[in-house]
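Q: sharing a model that was predicted from the sequence below.
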Amino acid sequence: MSGNSIGKLFTITTAGESHGEALVGIVDGCPPGMALNEADLQDDLDLRKPGTSRHTTQRREADLVKILSGTFEGKTTGTPIALIIQNTDHRSKDYSNIAHSFRPGHADYTYQQKYGIRDYRGGGRSSARETAMRVACGGIAKKYLKQAFGIEIKGYLAQLGAIKIETLDWKEVHNNPFFCPDASKVSELEDYMDALRKSGDSIGARINVVATNMPVGLGEPIFDRLEADVAHSMMSINAVKGVEIGAGFGVVTQKGTEHRDTITAQGFESNNAGGTLGGISSGQDLLVSIALKPTSSLRLPIDSIDKDGVSMEVITKGRHDPCVGIRATPIAEAMLAITLMDHVMRHRAQNAEVESSTPVVPASK
């Protein structure tokens, strides 16, 4: 299996399966001299980990990360940083009934056809369990971006099913299990998820992620446009089926006079572009939105086939998130941080000595 790494100068590589012994990550390209320990990475892992509320999978994983290399006396050395997270609460017997069948909407069929073999336990490598290591790696990028550039990356639940969140209060995001920025919506979300869980069904969600204090100049104008790499990293997250930057698909109904963002000496007057112009960061907030599909692993029966192509009925046992979007916010933040960190390193490598006579326009008036 190839394609387990992302990035050019700041790269991460992950390994491990849902029910394997551990998840492993290698971070390469982190500058030396940054203070780093496990506690710097654990907070985001605690936000992502399963079993923290009745609205997510009841698999109980501590998700404790350990740094194996790349630091000395509490600081990064510039060498590869190796991370490991042990799996401690996998119940492989829950998946014995699908060892020879395929769950519709899941990766079972395509993995079998591509590799001729698959780890059916919890989805193996295709499981969202793999994203725990991305969050750990992303924590390294988040710390460097904030310390070196003041860049902060924050996300929140923008929509769950038909419930849209239209009030944004950042102080509320971590006060509830949904990452919901509107306290008045939490009760409605709880009731909805309780009913959904009892029905045995699942639902999709929308997550918004914002990078503030962005510098001007990140990204390349052709194939490695900043938004292109952001879309790549976001679409690599399990269950993500759509990515929008700025106004996103709303541009379809916007006229040019409405969409273009007026530039004044005092600042930009709007941000329909979402923080990039021509593939390069404008210094405005980078606005990213992702859509996650509903969970495919359900206890409700559905028609499928077995490994021999014979029709059969599939019922999925085990512990699953009825809405994968609930725990997706830290994952989306991590992937945005990893992408920005890579572009920071690439910009520094080529353009560190560039000086522009044009003053930097404030992100907003």
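A: Perfect, I can see it now. Numbering: from 1, shown residues only.
Q: surely Asp285 and Asn208 touch.
A: No: with contact defined as C-beta atoms under 8 Å, Asp285 and Asn208 do not form a contacting pair (11.0 Å). Backbone N, C-alpha and C define where each C-beta goes, glycine included.
Q: pretty sure Tyr156 contacts Val173?
A: Yes: contact criterion C-beta under 8 Å: Tyr156 and Val173 qualify, at 4.9 Å.
Q: what touches both of those two?
A: Common neighbours of Tyr156 and Val173, using C-beta atoms under 8 Å, 6 or more residues apart in numbering, are Phe179, Cys180, Pro181, Thr329.
Q: phi, psi of the closest residue in space to Ala328 that isn't next to it in sequence?
A: Leaving aside its chain neighbours, Ala328 sits nearest to Ile207 (5.2 Å; criterion: C-beta to C-beta, 6 or more residues apart in numbering). The phi/psi pair for Ile207 (degrees, to the nearest 10) reads phi -120, psi 130.
Q: share the number of residues neighbouring Thr14, please.
A: Thr14 has 21 neighbours, counted by other C-beta atoms under 10 Å.
Q: dig out what it forms beta bridges with.
A: For Thr14, the beta-bridge partners are Gly25 (DSSP bridges).
Q: tell me the contacts of it?
A: Thr14 sits next to Asn4, Leu23, Val24, Gly25, Glu130, Met133, Arg134, Cys137 when contact means C-beta under 8 Å, 6+ apart.
Q: which of the three states applies to the residue nearest to Ser289 when sequence neighbours are not counted?
A: Ranked by C-beta to C-beta, 6+ apart and with sequence neighbours excluded, the top spatial neighbour of Ser289 is Glu244, at 4.3 Å. Following DSSP: H, G, I helix; E, B strand; the rest coil, we place Glu244 in the strand state.
Q: thinking again about what came up before, dump the shared contacts of Tyr156 and Val173 into CSV; add distance to His343 as well.
A: Shown next, in CSV, are the shared contacts of Tyr156 and Val173 (distance: C-beta to C-beta, whole Å):
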residue, distance to His343
Phe179, 25
Cys180, 30
Pro181, 27
Thr329, 22
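Q: show me where pLDDT drops low in the stretch 251-365 of the chain?
A: For the stretch 251-365 of the chain, residues meeting the criterion pLDDT under 70 lie at 318-320.
Q: where's the residue lying closest to Thr77 once chain neighbours are set aside, which helix or strand?
A: If you skip the residues right next to it in sequence, Thr77 has Pro32 as its closest partner in space, 5.4 Å away by C-beta to C-beta, 6+ apart. Per DSSP states H and E: Pro32 is located in neither a helix nor a strand.
Q: and for Ser18?
A: Going by DSSP H and E, Ser18 is not part of any helix or strand.
Q: for it, give me its contacts.
A: So Ser18 contacts Asn87, His90, Asp119, Arg121, Gly122, Gly123, Gly124, Arg125, Ser127, Arg129, Glu130 (C-beta under 8 Å, 6+ apart).
Q: next, the spatially closest residue to the third one that is not a sequence neighbour: phi, psi?
A: Leaving aside its chain neighbours, Asp119 sits nearest to Glu17 (5.2 Å; criterion: C-beta to C-beta, 6+ apart). Reported as degrees, to the nearest 10, the phi and psi values for Glu17 are phi -120, psi 170.
Q: could you check how many residues crowd around the nearest residue to Glu21 once chain neighbours are set aside?
A: The spatially closest residue to Glu21, leaving aside those adjacent along the chain, is Asn87, at 6.4 Å (C-beta to C-beta, 6+ apart). Using other C-beta under 10 Å, Asn87 is surrounded by 19 other residues.
Q: surely Asn87 and Leu23 touch.
A: Yes: between Asn87 and Leu23 there is a contact under C-beta under 8 Å: 7.0 Å.
Q: can you give me the helices in the stretch 251-365 of the chain?
A: Ranges of helices in the stretch 251-365 of the chain, per DSSP state H, counting those that start in this stretch, are 256-259, 329-351.
Q: what is the last one packed up against?
A: Put plainly, it is helix 329-351. strand 5-6, helix 38-48, helix 131-149, strand 152-160, strand 205-212, helix 226-235, strand 286-292 (3 or more C-beta pairs under 8 Å, 6 or more residues apart in numbering; DSSP states H and E).
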